[in-house]
Structure formats: C-alpha cells, structure tokens
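Asks: Have a look at this prediction, sequence included:
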Amino acid sequence: MNKKLHLNILLIIVLAMMTSGCFSKSADPGVSMEREEVATGETFPIVKNKTKLKFLVIQDPMIIDFKTNEFVKWYEEKTNIEIEWDVIPSDSAKEKVNLILNSGELPDAFFGVRFNEEQYAVAQHMFLPLDDMIPKYAPNFEKVLQKHDGLRGIITATDGKIYGLPSWNDCYHCSMSQKLWINKHWLDKLGLKEPKTTEEFYQVLKAFKEKDPNGNGKADEIAFAGAANGWNTDPNIFLMNAFTYTNSGDLKLIVKDDKVETIVNTPEYREGLRYIQRLYKEGLLYNPSYTQNNDQLRQLAASPNAEILGAFVTGANVNIIGEAAVGPERYRHYVALAPIEGPKGVRYTTHSKYDAAVPGAFYIPTTSKNPEAALRWADYLYTFEGSITRSAGLKGIGWEDPKPGDVGLNGEPALGRRLIPYVEEPQNHSLMQTGINYAPEEFRFGEAVDPNVDPYAAEGLEKLLRDETKNKYEPYAPKGDALSVLPPIKLKDEESQPIQTISVELANYVKESTVRFITGDLNLDKDWDTYVQSLDKIGLRKYLETYQKGYDRQYKK
C-alpha cells in the first residue's frame with residue numbers, strides 16, 4: 001500500500017469517528033452538541049433532543065440569577081434548549097462586548113446586547129442576516145413586522161438587510177409626552193376656563209401671577225415653569241407646537257411629505273420664539289426654567305409654605321408633583337392641558353411614534369451552532385403568552401387568564417390578569433424587560449384593571465396618563481404619514497463621519513441661540529438673518545442631505 005493511499009484511508013477513518021461522535025466535546029451526555037433539526041412555525045419543542053446554546057447577556061440588577069430563573073427553567077423545558085448564560089457586568093458592558101467581538105469567540109446569540117451594527121454586521125459580516133430565516137423560523141415576528149408601520153425600516157441595516165430583532169414597548173402616554181399640567185384649583189378659584197389659545201394662555205398666566213390665587217396675600221406665585229434636564233420639561237416644545245410642528249431633538253428634525261426638514265430656521269419658529277420671549281420678559285415663564293434641574297422644579301411644586309406653582313411641563317405629573325412629595329390634596333389640583341392654538345390656527349402635539357422600537361435586542365453570529373434554533377427561541381417572545389410570561393412570571397403564579405367581565409385600560413375585554421405586581425426589589429420569577437421586550441399597546445392595555453379605579457390613586461396612574469393622552473393629546477397628533485418626527489436613521493460610516501463635527505456644532509449653536517433669543521440677548525428682528533446664515537455656514541444643508549439619503553434608503557416607498 002503506497003503512502004498516499006494509506007493517508008487517504010486514515011483520513012476516512014478519522015472523519016467517520018468524528019461523525020459518529022467519538023470526538024464529542026460535550027461534558028453532559030444528556031445534551032446534544034450536534035446540530036439538531038429545528039421544528040418550524042410555532043411547534044414545540046423546538047428540537048427533539050436537548051440542545052445547549054450560549055447567550056451573551058448584560059447583568060440586570062433586578063434579576064437574581066439567569067441560570068435558575070423560573071421563566072428560564074420553564075422555557076428550557078418547553079423548547080428543549082438549555083441556555084448557557086454568559087453574564088457580563090453592566091458597569092463595564094461596552095468594554096466587555098468589544099473584547100468579545102474582537103476575540104472571535106462569539107456566543108450563539110446576543111440577548112439584549114447592542115453594538116455597532118454597521119461595523120460588525122454590515123462591514124465585517126460577523127452576524128447573520130435574518131431576512132430569509134424569519135418567515136420559516138420566526139412567524140410571530142413576521143406578524144409583528146407586518147403590524148407595526150415603519151418597524152421594518154427602523155431595523156433594516158444600511159445594506160438593506162435585517163440583522164437584529166428589536167424590542168417594542170408601546171408606552172402610549174410616552175408617545176405623546178410633551179404635556180403641560182395646569183393648576184385647575186387656581187383656575188376655578190379665579191373663575192377661569194382652561195385656555196385653548198396662546199392668547200388665553202397668556203391671560204391665565206397673568207392672572208396666576210397677579211391675582212394671588214393661593215390666597216396668602218403675597219406675590220409669590222410662579223405662573224409657569226420648566227426645567228433644563230427633566231423628562232420633557234422643556235417649555236419650548238409645548239408652546240412651539242402652537243406655531244409649527246416640533247419635537248425635542250436638538251435640531252427639531254421632522255419629515256414632511258418624505259422630505260427631511262428642520263424648523264429652527266423657519267419664520268414659524270421665529271414667531272414661536274417671539275411668543276415665548278413675551279412670556280419670559282413679563283415673568284410669566286419662570287426665568288430659571290432654562291437652567292434649573294428637575295429636582296429644583298419639584299421643589300417649587302412642593303413649596304411647604306404655600307402652593308406657588310400654576311403650571312409646568314413634564315411627561316407625567318408624578319415626575320414633578322408626586323403625591324408623596326406634595327400631599328394628596330395638592331396632587332389632585334393639577335390636570336393636563338390640551339395643546340393650545342396659535343394665531344394662525346396651528347395646534348399640534350408631538351407624536352413620537354417611533355420611540356416604541358428599540359433595535360438590536362437579539363443578534364445571531366455567523367458562528368452560531370444552531371441559528372435556526374436560536375431564532376425560534378426568540379420568536380416566542382413576540383406572542384402575548386411569551387411576553388407576559390417573560391415579564392410577569394409563569395402562568396398561575398405571575399399571571400392568569402382573565403375572569404368574565406375583566407376589562408383592560410382601553411375598556412376592551414382583558415387578555416390577562418397580572419398576579420404579581422411590578423416589583424422594586426431583585427426577583428427571580430421573570431426576565432422583566434431584559435432582552436426582547438415586546439409590549440405593544442394591546443398587550444399593555446390588555447392587562448385587567450379595575451374600571452372604577454381612582455385615577456389619582458397610585459394604582460390609577462396608568463389610567464390617568466392614558467385617559468389624559470387619549471382625550472386631550474391624540475386629537476392633535478398629525479394624521480397619516482405626511483408629517484412626522486424623524487424616525488431613527490442608520491447611516492453608513494462614510495456618511496456619518498463627515499457630519500460628526502457639524503452635528504455637534506449645529507446642536508450647540510441652536511440651543512445657545514434659542515435661549516438668547518428668548519432672553520433678549522439676541523434680537524429676533526435684527527439678528528435673525530445672521531443666525532440663519534450661520535446655520536448654513538456650519539453645514540446645515542450637508543447635514544440635512546445626509547439624513548435625507550438615510551431616510552430614503554430606509555423608509556421611502
């Protein structure tokens with residue numbers, strides 16, 4: 001037998017031994033390390049023989065132990081897939097993730113771990129595009145894509161492929177959170193109605209400031225205030241929506257008839273600033289509103305000697321006037337004020353309809369042992385049962401089916417009844433919001449509630465915020481797709497790098513100039529043209545063109 005033939009025979013023997021499992025690396029004889037055939041659709045278990053997959057996850061302080069977590073153990077039995085959790089500390093997550101990505105030793109999936117998708121998925125091809133796999137192995141997520149307008153565009157990478165599955169948390173009241181809360185007790189005492197126009201709002205603030213609505217004989221009332229760093233505590237957004245549609249972004253980018261625009265150089269923006277300046281100069285808008293922090297605004301609301309605050313802006317009333325801070329009586333004095341109408345009939349509320357989407361909740365590396373099984377494992381989390389079991393715990397322990405007559409926040413028949421309240425201490429019965437958190441509006445509103453709950457009680461807060469949003473703000477959100485805030489845009493490296501400096505300079509200049517116009521440090525007539533020209537010199541046109549290119553690629557039909 002010649003040497004070449006001998007080597008060929010030896011190679012055949014080695015390959016046969018490998019195929020038969022003689023060289024298996026598995027330390028657990030009950031767990032298959034070979035690639036198992038994966039059941040398609042929604043069939044369980046996902047694999048016939050128990051299979052182990054390794055997931056990377058960031059430590060959540062609210063979860064005691066991923067390995068022994070009750071949901072994880074239950075789902076392991078349901079799927080026949082055991083997850084080996086590689087848990088990295090949250091305080092050094094970014095550094096750890098980068099080390100793992102550059103090591104070449106990747107897990108089978110990234111669960112709630114985000115990274116530079118453009119670099120590692122698009123450019124370096126380290127993660128699988130999921131487009132062709134989704135219809136077969138993620139039918140529930142396929143329904144999610146069809147249901148949520150714009151979601152496909154949000155999660156599509158710059159090369160036109162989908163690499164990561166998203167979370168979707170439909171906080172209804174958060175989507176229209178540019179709210180103004182006004183002291184209804186003061187309105188009633190002064191015989192005033194809730195203002196509906198900018199002029200009526202001005203007159204109400206003057207009355208708050210000048211007519212001693214708290215009745216202590218002192219001119220200590222603050223008519224209207226905001227803060228520089230709270231959740232939607234910038235007073236400009238609510239007020240500017242009476243002149244032009246706006247949002248809380250640095251450059252107030254919007255999309256109008258598929259064209260990316262900014263409002264910060266428009267005549268409408270200038271007129272909005274002129275109105276805000278009027279309030280500021282007359283002391284109706286509390287002057288420290290552009291410098292004080294959220295805690296300082298809370299202190300105004302909780303003034304111990306007398307009730308001094310007439311109106312304020314924030315996404316949820318409890319951020320500023322929580323019952324624990326101001327007492328139950330004062331807490332009930334404030335109601336949400338619907339958007340006010342400007343002199344030209346403009347009356348909007350900002351609708352952040354894309355905020356529900358959080359891209360990059362689940363990625364599968366190209367080196368994954370069984371990507372089909374990993375995708376099937378993730379897909380169940382996009383069902384109602386999967387979502388509520390993941391977030392609340394096992395059926396019968398964390399939640400149960402609705403009882404006859406149960407209704408949700410929206411008044412519709414409830415989908416389920418939560419048995420374990422939202423916890424504030426570490427627990428081990430669920431994954432809470434870690435990883436894929438799919439909570440669309442019908443899921444959130446589908447949890448059974450007491451229809452007669454007091455909206456100003458602690459358990460009624462969600463109802464209060466939902467009702468105020470539904471009745472007072474949703475009617476003034478733009479309808480259809482002709483006008484919207486700018487959706488999330490993914491730029492290629494060669495697109496984003498040239499505008500990095502431009503972006504920072506524009507944001508700083510607009511923020512600084514806006515405050516200077518309001519305070520009178522800049523003149524809205526004499527200095528406006530110079531301001532607009534300076535925006536162009538910094539690179540506003542290039543900035544808008546870049547985002548237009550990204551928008552066209554992701555969303556334009």
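Replies: Now that the structure is in, tell me what you want to look at.

Asks: How about residue 197, nearest residue that isn't a chain neighbour?
Replies: Closest residue to residue 197 in three dimensions, ignoring its sequence neighbours and counting by C-beta to C-beta, 6 or more residues apart in numbering: residue 341, at 4.8 Å. Placement of C-beta: from N, CA and C, glycine included.

Asks: my bad, residue 488
Replies: For residue 488, ignoring the flanking residues on the chain, the nearest one in space by C-beta to C-beta, 6+ apart is residue 154 at 5.2 Å.

Asks: A helix includes that neighbour, no?
Replies: Yes: counting by DSSP: H, G, I helix; E, B strand; the rest coil, residue 154 is part of a helix.

Asks: Against residue 476, how distant is it?
Replies: 24 Å (C-beta to C-beta, to the nearest Å).

Asks: next one: residue 71
Replies: As judged by C-beta to C-beta, residue 71 and residue 476 stand 40 Å apart.

Asks: Neighbour count: the two, which is higher?
Replies: Here residue 71 and residue 476 are compared on neighbour count by other C-beta atoms under 10 Å; more neighbours surround residue 71, at 22 against 19.

Asks: so what's the more buried one up against?
Replies: For residue 71, the contacting residues are 389-390, 393-394, 429-431, taking C-beta atoms under 8 Å, 6 or more residues apart in numbering as the criterion.

Asks: Quick one: end-to-end distance for stretch 402-409.
Replies: Across its full length, stretch 402-409 reaches 13 Å between end residues, using C-alpha to C-alpha, to the nearest Å.

Asks: I meant to write stretch 35-55 there.
Replies: The distance separating the two terminal residues of stretch 35-55, taken as C-alpha to C-alpha, comes to 16 Å.

Asks: Tell me which residues of that stretch come out buried.
Replies: For stretch 35-55, burial by neighbour count (16 or more other C-beta atoms under 10 Å) applies to 36, 38-39, 45-47, 50-55.

Asks: Can you lay out the contacts of residue 71 as TSV showing distance to residue 546 and neighbour count?
Replies: Shown next, in TSV, are those (distance: C-beta to C-beta, whole Å; neighbours: other C-beta atoms under 10 Å):
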residue	distance to residue 546	neighbour count
389	43	26
390	38	25
393	46	25
394	48	17
429	46	19
430	42	25
431	38	26
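
Asks: ok, which pair from these is furthest apart?
Replies: The two members of the contacts of residue 71 with the most space between them (C-beta to C-beta) are 394 and 431, at 11.9 Å.

Asks: all helices for the stretch 201-350 of the chain, in order.
Replies: In the stretch 201-350 of the chain, the helices defined using DSSP state H, counting those that start in this stretch lie at 235-240, 267-281, 294-301, 318-321, 323-326, 328-331.

Asks: Same list, these, but as TSV with mean neighbour count, mean pLDDT and distance to residue 109 please.
Replies: Conversion of these to TSV gives the following (neighbours: other C-beta atoms under 10 Å; pLDDT from 0 to 100; distance: least, C-beta to C-beta, whole Å):
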stretch	mean neighbour count	mean pLDDT	distance to residue 109
helix 235-240	25	98	39
helix 267-281	18	99	46
helix 294-301	19	96	38
helix 318-321	22	93	36
helix 323-326	16	84	41
helix 328-331	14	94	45
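
Asks: For the stretch 1-150 of the chain, which segments count as strands?
Replies: Secondary structure of the stretch 1-150 of the chain (DSSP state E, counting those that start in this stretch): strands at 51-58, 81-88, 109-111.

Asks: Tell me how far the longest helix anywhere in the chain lies from the chain's centre.
Replies: Of all the segments assigned as helix in the chain under DSSP state H, the longest by residue count is helix 500-519. The chain centre lies 25 Å from the centre of helix 500-519; the measure is C-alpha atoms, centre = their mean, to the nearest Å.

Asks: and which of the buried residues of stretch 35-55 is nearest residue 323?
Replies: Each of the buried residues of stretch 35-55 was checked against residue 323 using C-beta to C-beta; the closest is residue 55, at 40.9 Å.

Asks: how near is that closest one to residue 70?
Replies: Spatial separation of residue 55 from residue 70 under the definition C-beta to C-beta is 17 Å.

Asks: Let me know the pLDDT of residue 286.
Replies: The model reports residue 286 with a pLDDT of 98.

Asks: That one - nearest residue in space that isn't next to it in sequence?
Replies: Take residue 286 and drop its neighbours on the chain: the residue closest to it by C-beta to C-beta, 6+ apart is residue 225, 3.8 Å away.

Asks: same thing with residue 36?
Replies: With C-beta to C-beta, 6+ apart as the measure, residue 47 is the residue that lies nearest to residue 36, at 3.9 Å, once sequence neighbours are left out.

Asks: Please give me every residue in contact with the one you found.
Replies: Residue 47 makes contacts with 32, 36-39, 79-81, 370, 373, as judged by C-beta under 8 Å, 6+ apart.

Asks: Could you pull up the contacting residues of the most centrally placed residue in the chain?
Replies: The C-alpha lying nearest the average C-alpha coordinate of the chain belongs to residue 355 (C-alpha atoms, centre = their mean; 4.2 Å). Contacts were defined as C-beta under 8 Å, 6+ apart; by that measure residue 355 touches 171, 174-175.

Asks: How is it assigned, secondary-structure-wise?
Replies: The three-state label given to residue 355 by three-state DSSP is coil.

Asks: Strands of the stretch 301-450 of the chain, start to end?
Replies: Taking DSSP E, counting those that start in this stretch as the test, the strands found in the stretch 301-450 of the chain are 311-313, 334-337, 357-363, 399-400, 417-418, 438-439.

Asks: Highest mean neighbour count out of these?
Replies: Burial of the strands of the stretch 301-450 of the chain is given as mean neighbour count (mean count of other C-beta atoms under 10 Å); strand 311-313 ranks first at a mean of 28.

Asks: which helices and strands sit right next to that one?
Replies: strand 180-183, helix 235-240, helix 294-301 (3 or more C-beta pairs under 8 Å, 6 or more residues apart in numbering; DSSP states H and E).

Asks: how about these, which one is nearest residue 87?
Replies: Using C-beta to C-beta as the measure, helix 294-301 is the one of these that comes nearest residue 87, at 32.5 Å.

Asks: helices or strands next to that closest one in the packing?
Replies: In terms of contacts (3+ C-beta pairs under 8 Å, 6+ apart), helix 294-301 is packed against strand 311-313, helix 318-321, helix 323-326.

Asks: I'd like to know which elements the second one is packed against.
Replies: In terms of contacts (3+ C-beta pairs under 8 Å, 6+ apart), helix 318-321 is packed against helix 294-301.

Asks: gap between the helix it packs on and the chain center?
Replies: Helix 294-301 has its average C-alpha position 25 Å from the chain's average C-alpha position, going by C-alpha atoms, centre = their mean.

Asks: Same question for stretch 115-133.
Replies: A distance of 23 Å separates the C-alpha centroid of stretch 115-133 from that of its chain, computed with C-alpha atoms, centre = their mean.

Asks: Tell me which residues of that stretch come out buried.
Replies: 115, 117-118, 120-122, 126-130, 133.

Asks: now stretch 516-524
Replies: Along stretch 516-524, these residues count as buried under the neighbour rule (16+ other C-beta under 10 Å): 517-518, 522.

Asks: got the domain boundaries for the chain?
Replies: Each domain of the chain is listed here as a residue range: 31-167+358-436, 180-350+483-554, per automatic domain parsing.

Asks: Apart from its neighbours in sequence, what residue is nearest residue 493?
Replies: Nearest residue to residue 493 in three dimensions, chain neighbours excluded: residue 118, at 5.9 Å (C-beta to C-beta, 6+ apart).

Asks: what phi and what psi does the backbone show at residue 116?
Replies: The phi and psi values for residue 116, taken as degrees, to the nearest 10, are phi -80, psi 100.

Asks: ok, residue 294 - contacts?
Replies: Taking C-beta under 8 Å, 6+ apart, one finds 227, 229-231, 233, 319-320 in contact with residue 294.
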